[in-house]
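Chemist: Need the 3D shape of this:
(4 chains)
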Protein chains: 2
Amino acid sequence: MNLNAVAKKAGVSTATVSRVLNDLDVVKTSTRARVLKAAQDLNYHPNLHARSLARGKSRTLGILISNMENPFFFDIFRALESAAHARGYEVVVANTDYRSEQLLSSARLMIGWRVAGLAAIVSEMDADLVQVLTDSRIPIVFYDVGTPRKNITTVRVDYRKGMKNGTDGLEGGREAARELLGSGFHPTAIICVNDFMAVGVLRELREQGIRVPQEISVTGFDNIKLAEFCSPALTTAHIPREQIGQIIFQSLVPDPEKEQLTGREIVIEPELVVRESTGPVRNTRAAAGNHGKLVAD
Amino acid sequence: MNLNAVAKKAGVSTATVSRVLNDLDVVKTSTRARVLKAAQDLNYHPNLHARSLARGKSRTLGILISNMENPFFFDIFRALESAAHARGYEVVVANTDYRSEQLLSSARLMIGWRVAGLAAIVSEMDADLVQVLTDSRIPIVFYDVGTPRKNITTVRVDYRKGMKNGTDGLEGGREAARELLGSGFHPTAIICVNDFMAVGVLRELREQGIRVPQEISVTGFDNIKLAEFCSPALTTAHIPREQIGQIIFQSLVPDPEKEQLTGREIVIEPELVVRESTGPVRNTRAAAGNHGKLVAD
DNA sequence: TTGAAAGCGGTACCAG
DNA sequence: CTGGTACCGCTTTCAA
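Modeler: Down below sits the predicted model:
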């Protein structure tokens, strides 16, 4: 089923069918109606490959994600998708499952599809891939890795680098807390790299009979659901996934009306969410939480 | 960057470049090497749209999912993808977010891409969509909805229909247990439609001081992670996502060597996973658990 | 307002 | 073993 069949059935040329299907309002109303009916009757669906090929440009974005099961990544994907749809773009997603060969082959696939832009929300990132992507001339966004280039934008969250590679996980947090307290050092606050760890810390403190936040304050990072429902509810840094998705779209598909992000490093400032695990806040400015303020150099 | 550029650089025709890139081993080794180098130097990536168009058929499968965040659906996706990769197919996924307009537009997109097959793991399913899919002549698989047709295969899990629309959720399970026990009826077993409910039931029983499984046995359905880690560990029906993914692939891309599934209704038989929440099993056959035996009429 | 025809970037058949 | 060349289905001038 192709344009030609529709054209024939409607008694017009393929050019006219194409015009109708693309809403080029130069077509006479009666002709238009006839074409539409023919398309309907034939159950016609335009071949998108032919379309892309003829147009020479696409309105499809690609996104590579290490693990779609991770709610944090998933939220970013969803935000990107919704921004894209709002502007008439599609987004196709590839789950790399933390495997770098998979990442590479997915990237090639996307390039082969000539996507208009590509976002990589992945941690496994090797030199080969970066080279391939850089050479592709396709607008790229990396999340939390890489450095900006002509066609490469990076988005990263502003947390202290030193914390990134420490002990991790629920058990890890608990153990770290035990060691910390065992060392005789008695802090007034424990700041964890993510909410999982923080919950582990909370548990250990509870078992040692240390009250939170009266004796020690605890904070997490990410603002996952669990943070809200544990006891005491966790004070944490909220990372604005919604905004990250929008920024990614904006970097990939620049809007002349808006600030140009492409090729830069975008730093996301988390918002502090104060709950029960911390004492009264003195720094009013931080507590007010400037909503994921964007800092771009 | 196109075939022509590579051909020119290598001093051959586009036909030869195409042969090399498609591994048609009729090309002289030296020529082949020259072409490969040219492609490499030019950072050439074949345009997949042109390819699909010329070939007239694709090796891409589509999958529509209501909610990718749901581990159960996600597992099916992953299984399908791995089966597909093993046979040289790609799979592109669309998350419909439980919205039927989104489902419809994603379906159209897939049809426009001329996917070789389409799987719909969705609950929101209206007549329009079914019509569009049926008319498309593309091989389709529905999970847990719809009825078989010429090009439509259905996969469903064999659970008692009556249980499907009952009370649901953790709280629901707890409440149901309370009512049940309050009614004076004292069963020897409670069989829940899913693991969530079962965990709720367990909690209620514990509060009422009823020992599981000594006084009452409890079973769930799905075998989610939580089932393994709650106390007592839950006896449940495991639904073989891995197998479901393979069956979907097999229905979409029939293998002449294997059983033909296309256009039929495939019934998945869950496997019983016996843990601590049930008493000793008398039915040895069930306990042995015939691994998700496939029942196709 | 409409039609004819030249691509878009590959594939595959037919010659040589 | 390699080249020439009709397509594949759609978009987009250019003319009429």
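
Chemist: Pretty sure residue A:250 sits against residue A:258.
Modeler: Yes: here residue A:250 lies in contact with residue A:258, judged by C-beta atoms under 8 Å, at a distance of 6.3 Å. In short, each C-beta sits where N, CA and C put it, glycine included.

Chemist: Counting neighbours, go ahead and name the busier of these two.
Modeler: When residue A:250 and residue A:258 are compared on other C-beta atoms under 10 Å in any protein chain shown, the one with more neighbours turns out to be residue A:250, at 20 against 8.

Chemist: residues in contact with the closest residue to DNA strand D within the stretch 151-297 of chain A?
Modeler: Using C-beta to the nearest atom of the strand, the closest approach of the stretch 151-297 of chain A to DNA strand D is made by residue A:253 at 17.3 Å. Remark: with contacts taken as C-beta atoms under 8 Å, 6 or more residues apart in numbering or on different chains, residue A:253 is in contact with A:61, A:84, A:87, A:89, A:116-117, A:139.

Chemist: got it, and residue A:137?
Modeler: residue A:151.

Chemist: again, only this time at 10 Å
Modeler: Residue A:137 makes contact with A:111, A:150-151, B:1, B:43, according to C-beta atoms under 10 Å, 6 or more residues apart in numbering or on different chains.

Chemist: for residue A:18, same thing?
Modeler: A:3, A:6-7, A:24, A:35, A:46, A:51, A:54 are the contacts of residue A:18 under C-beta under 10 Å, 6+ apart.

Chemist: Can I have the buried ones of these as a ChimeraX selection?
Modeler: To isolate in ChimeraX the members of these that are buried, counting by 16 or more other C-beta atoms under 10 Å in any protein chain shown, one can use:
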select /A:3,6,7,35,46,51
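
Chemist: Export the contacts of residue A:18 to CSV and append columns for secondary structure and pLDDT.
Modeler: As requested, the contacts of residue A:18 are arranged in CSV below (DSSP: H, G, I helix; E, B strand; the rest coil; pLDDT from 0 to 100):
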residue, secondary structure, pLDDT
A:3, helix, 98
A:6, helix, 98
A:7, helix, 98
A:24, coil, 93
A:35, helix, 98
A:46, coil, 98
A:51, helix, 98
A:54, helix, 98
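
Chemist: Between the contacts of residue A:18, which sits nearest DNA strand C?
Modeler: Nearest to DNA strand C, judged by C-beta to the nearest atom of the strand, of the contacts of residue A:18 is residue A:54 at 3.8 Å.

Chemist: That closest one: what's it in contact with?
Modeler: The neighbours of residue A:54, taking C-beta under 10 Å, 6+ apart as the test, are A:18, B:49, B:53.

Chemist: can you give me the helices in chain A?
Modeler: Counting by DSSP state H, residue ranges of the helices within chain A are A:3-10, A:14-21, A:29-41, A:48-55, A:71-86, A:100-112, A:127-136, A:161-164, A:169-182, A:195-207, A:225-229, A:241-252, A:284-288.

Chemist: Any chance of those in TSV with distance to residue B:13 as columns?
Modeler: Formatted as TSV, these follow (distance: least, C-beta to C-beta, whole Å):
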stretch	distance to residue B:13
helix A:3-10	29
helix A:14-21	30
helix A:29-41	39
helix A:48-55	21
helix A:71-86	40
helix A:100-112	22
helix A:127-136	25
helix A:161-164	53
helix A:169-182	58
helix A:195-207	59
helix A:225-229	59
helix A:241-252	37
helix A:284-288	66
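
Chemist: Can you pull the phi/psi pair for the residue of the stretch 151-297 of chain A closest to DNA strand D?
Modeler: Backbone torsions of residue A:253, given as degrees, to the nearest 10, read phi -120, psi 80.
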